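Colleague: Just need the structure, nothing else, for what follows:
(one chain, ligands or ions: 1)
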Amino acid sequence: MCGIVGYIGPDEGREILMNGLARLEYRGYDSAGIAMVGADGRLQIVRCEGKLSGLGGKLASNPVSGTVGVAHTRWATHGRPSEENAHPHRCGPFALVHNGIIENYASLKQELEKGGHHFASQTDTEVIVALLESERRKTNGYKQAVRNTLKKLKGSYAVVIINEEEPDMLVAARKESPLILGLADSSFFLASDVPAILPYTRRVVYLNDEEVVFLSREGYSIESLLDGEERNPEPQQVNWNPIMAEKAGYKHFMLKEIYEQPRAVIDTFRSVVDLDRKEVVFPELNLGKAVLDKIERVFIVACGTSYHAALVAKYMIEGLCRVPVEVDLASEFRSRDPILDDNVLLLVISQSGETADTRAALKEGLDKGAHCRAIVNVVGSSIARLAQGVLYTHAGPEIGVASTKAFTTQLVALYLLAVHWAAQTGKQPRETIEQCVQELIELPGKMERILSDTDKIDAWAKHFKDFKDFLYLARGPLYPIALEGALKLKEISYIHAEGYAAGEMKHGPIALIDAEMPVMVLLRRGPLFEKMISNIQEVRARDGIILALIEGEPSEIVGPDQNQFVIQPSSEWLSPVLFSLPLQLLAYHVAVLRGTDVDQPRNLAKSVTVE
Ligand code: AGP
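Modeller: Got it, this is the predicted structure:
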């Protein structure tokens, strides 16, 4: 939801800012803009509707230059995508970029209009910069004017401000929207997310809510907005490298990220599995036997793809640990006054660690005294810092808006948690635990095999790319994978797709089946296989077209060979990882053939940091 970058230092900043935006474009791509103070001491601002490439074009004929600047890529909330609504917004000597939502912007705007201010945009952001200008006229000192302005804002924000009257200073602040400070020798960077600054530094300070940072060319100071107290957080070293945030020869980030999954899965379990003793140990999660013995109920809460991972975890944890699990969408959980106490484990899952609803759900859990833990990909993110313990997925930066490697690594992290829990509480015998660890060790090899033989998926994509609707059916732990497969297809190819528990087909969706409806069925060998075969017969009896992902080998009863893609046999709990891969690839190839923008699908942004 909007990417922001700031730079102050000895070097020309335009390329640094544009590079940073390119690495943050996954956060929003409705419009983009840049503001710098030039050699003449004047603010220069260039903005453009649409993608960053448009801004690049505009800058070619209207260059800006300087050693201090801010830049922005927008995902529209208040005001449609247009140049007038693009950031940076300017008032007097100030230009400002913002990520978040100002909830009281309407009343602030009214006040400012009464005072004679005329607004040029429909955004909540312009209100902040106008308020700053008004405060500056009333207040002695720029810093104090910034503090007064920020204190009047309700809602969420990460802001970076440039001021042509104080050209050797950048000011930034955050509240419930991400913002990091990057430190290099004599340069300072601000960004919504780490990839923006990776080419320049890996030393970062994760700013906290309601902290303001004043950056000069000599150094920086951080203070609490509420009481002005100085803060001295220890800078941290990020272990991502710049190459990880590049396409590495792939046509799209999504394809690269699909193929990175075996590596990402290994990285996720490598540091927490003792391969010799076949045990799982993760101290950072802070979830030892004493706590686990107390837990009577588990809530797993997330949004989107992470919610689908949570649904799989219900099967894993109930199956292996015999503890009841409820799974909730974060937006629903946070608003229904859930019944929580200290016998509850609240587990939130988020790739970005910044999703507003998931973060709010976590706060709800903390306020109500539940044991709150998180599974997160981005180190130092808000959710990672709020939770009482974190299990990190080691997917590396995920740039494609459609989540792929983040999802499969979440499944692995959840599996690790379930195995650890079962071992700690003695719910499963030692041999079962060892078998679970062995299955995990074999998983990346099976993933490689699936990813290396995808001709059939390519052929399906070519044949079905122009169909209007798809249905995905599965049972048990594969049911959430049907949901995820449908989500992948709709978000990047814009084809309508529904995922359903196969047992529910007769209760409604069967009415949709005809010769124009491809039905993707997910078939694992085991107790649910025969029931899935019955579903297939029901679809076929209504002329529906069956495509199958089938474990082990093709089956005559399912249909012709060319409509079956074979998945390596695996355990009930890990097969969801394997079945996910062909569905990601199918969505990807269909989208490419339809000519959509795979990495930046329309209307979406990678992390939803607003409600
Ligand atoms: C899925 O492809 C989407 N990118 C989206 O559903 C995503 O999973 C959701 O917004 C949750 O994000 P998070 O994991 O960063 O919290």
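Colleague: As a check, name the ranges of all helices in the stretch 51-200 of the chain.
Modeller: Here the stretch 51-200 of the chain has its helices, by DSSP state H, counting those that start in this stretch, at 52-61, 105-114, 125-138, 142-151.
Colleague: so how far is the helix or strand hosting residue 586 from its chain's centroid?
Modeller: For residue 586, the host element (DSSP states H and E) is helix 575-594. Distance of helix 575-594 from the chain centroid (C-alpha atoms, centre = their mean, to the nearest Å) equals 19 Å.
Colleague: Just list what that helix packs against, helices and strands only.
Modeller: Under the contact definition 3 or more C-beta pairs under 8 Å, 6 or more residues apart in numbering; DSSP states H and E, helix 575-594 sits against helix 253-259, helix 405-424, helix 430-451, helix 455-464, helix 479-493, strand 518-523, strand 545-551, strand 564-567. In this view, the C-beta of every residue, glycine as well, is placed from N, C-alpha and C.
Colleague: Model confidence score at the closest residue to residue 407 other than its chain neighbours, please.
Modeller: Nearest non-adjacent residue to residue 407, counting by C-beta to C-beta, 6 or more residues apart in numbering: residue 305, 5.0 Å away. pLDDT recorded at residue 305 is 98.
Colleague: who touches whatever residue of the stretch 451-600 of the chain ends up closest to the ligand in this structure?
Modeller: Nearest to the ligand in the stretch 451-600 of the chain, going by C-beta to the nearest ligand atom, is residue 491, at a distance of 5.7 Å. Residue 491 makes contacts with 401-402, 587, 601, 604, as judged by C-beta atoms under 8 Å, 6 or more residues apart in numbering.
Colleague: which of these sit farthest apart?
Modeller: Spatial extent of the contacts of residue 491 (C-beta to C-beta) is set by the pair 587 and 604 at 13.5 Å.
Colleague: and those two? which has more neighbours close in?
Modeller: Legend: neighbour count by other C-beta atoms under 10 Å for residue 587 and residue 604, higher for residue 587 (30 against 17).
Colleague: I'd assumed residue 402 was in contact with the more buried one.
Modeller: Yes. Look at residue 587 against residue 402 with C-beta atoms under 8 Å: they come within range, at 7.2 Å.
Colleague: Residue 604: what secondary structure?
Modeller: Here residue 604 is recorded as coil under DSSP: H, G, I helix; E, B strand; the rest coil.
Colleague: Next one: the closest residue in space to residue 289 that isn't next to it in sequence from residue 249, what distance?
Modeller: Spatial nearest neighbour of residue 289, excluding adjacent residues (C-beta to C-beta, 6+ apart): residue 424 at 4.6 Å. According to C-beta to C-beta, to the nearest Å, residue 424 stands 43 Å off from residue 249.
Colleague: What of residue 373?
Modeller: On the measure of C-beta to C-beta, residue 373 and residue 249 end up 37 Å apart.
Colleague: Contact partners for whatever residue of the stretch 301-450 of the chain ends up closest to the ligand?
Modeller: Nearest residue of the stretch 301-450 of the chain to the ligand: residue 304, at 1.9 Å (C-beta to the nearest ligand atom). Neighbouring residues of residue 304 by C-beta under 8 Å, 6+ apart: 403, 487, 608.
Colleague: what residues does the helix or strand bottoming out on mean pLDDT in the chain touch?
Modeller: One helix or strand of the chain scores below all others by mean pLDDT, DSSP states H and E: strand 279-280, with a mean of 85. By C-beta under 8 Å, 6+ apart, the surrounding residues in contact with strand 279-280 are 272-274, 416, 419-420, 423, 433, 437.
Colleague: Now the buried members of those.
Modeller: 272-273, 416, 419-420, 423, 433, 437 (16 or more other C-beta atoms under 10 Å).
Colleague: now for the residues you listed, which pair is the farthest apart?
Modeller: 272 and 433 (13.7 Å).
Colleague: before we move on, back to that, how many neighbouring residues does the residue nearest to residue 289 have?
Modeller: Residues lying near residue 424 (other C-beta under 10 Å) number 18.
Colleague: what do you get for residue 498?
Modeller: Residue 498: 17 neighbours (other C-beta under 10 Å).
Colleague: Now for residue 446: which residues touch it?
Modeller: Here residue 446 is in contact with 568, 570, 578 (C-beta under 8 Å, 6+ apart).
Colleague: at 10 Å instead, please
Modeller: 262, 439, 567-570, 574-575, 577-578, 581 (C-beta atoms under 10 Å, 6 or more residues apart in numbering).
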